[in-house]
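Engineer: pasting the sequence and the predicted model now:
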Amino acid sequence: MTDTQEQRAAISDIVHGAHTALLTTVSEDGQLHARPLAVQDKAFHGTLRFLVQDGSEKVEDIARNPHVNVSIESQGGYLSIAGTATVTQDDSVIDELWSPFAEAWFPEGRDDPSIRLLTVSGDSVEYWTQDTGPVGSLVQTLKAALGKQSQPDTGDHGTIEL
């Protein structure tokens with residue numbers, strides 16, 4: 001896949017199929033710390049948005065060091081998005097993203113004063129698509145294991161700078 005428009009469509013397909021992302025931040029002692037977050041956006045246009053709780057470790061990590069990574073897996077493949085995170089209190093966007101699923105994470109519901117919007121602005125995205133599906137991937141892996149081909153051919157891989 002060489003066309004950036006096709007690459008971006010493949011990336012959006014992976015985001016669309018995902019329910020959970022792993023956000024990796026740098027902790028106070030310099031260690032990497034990953035934690036799951038519900039995927040709110042169903043397309044990717046350079047940013048991802050999440051609902052988070054003010055005062056949480058991830059929010060504190062981002063205040064110290066905004067450089068983060070978001071990893072996503074879905075039936076379409078895998079993403080690794082390197083970027084910069086910001087935490088804001090944008091009520092109109094929070095209202096847009098609010099759902100019954102979000103309600104479960106905030107004990108006071110939409111009126112919870114600790115709700116914040118975490119936005120990750122991507123710098124680069126590395127992606128791996130799965131064009132063959134689970135059975136096709138297994139067949140490709142077996143072919144490689146048996147020496148019939150050098151590596152499994154399950155899809156495309158690339159990196160785009162945003």
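Structural biologist: Yes, it's here.
Engineer: what is the least confident helix or strand in the chain?
Structural biologist: helix 133-145 (a mean of 58; mean pLDDT, DSSP states H and E).
Engineer: run through the residues that contact His45.
Structural biologist: Ser12 (Cβ atoms under 8 Å, 6 or more residues apart in numbering). C-beta: built from backbone N, CA, C; applies to glycine.
Engineer: show the pLDDT at it.
Structural biologist: Looking at His45, its pLDDT is 90.
Engineer: distance check, it against Leu162.
Structural biologist: According to Cβ to Cβ, to the nearest Å, His45 and Leu162 sit 10 Å apart.
Engineer: and if you look at Gly122?
Structural biologist: Note on Gly122: its distance to Leu162, by Cβ to Cβ, is 5 Å.
Engineer: which one's more surrounded, those two?
Structural biologist: Set Gly122 next to Leu162 and count neighbours by other Cβ atoms under 10 Å: Gly122 wins out with 22 against 15.
Engineer: sticking with the more buried one, tell me its helix or strand.
Structural biologist: Secondary structure assigned from DSSP states H and E places Gly122 in strand 115-129.
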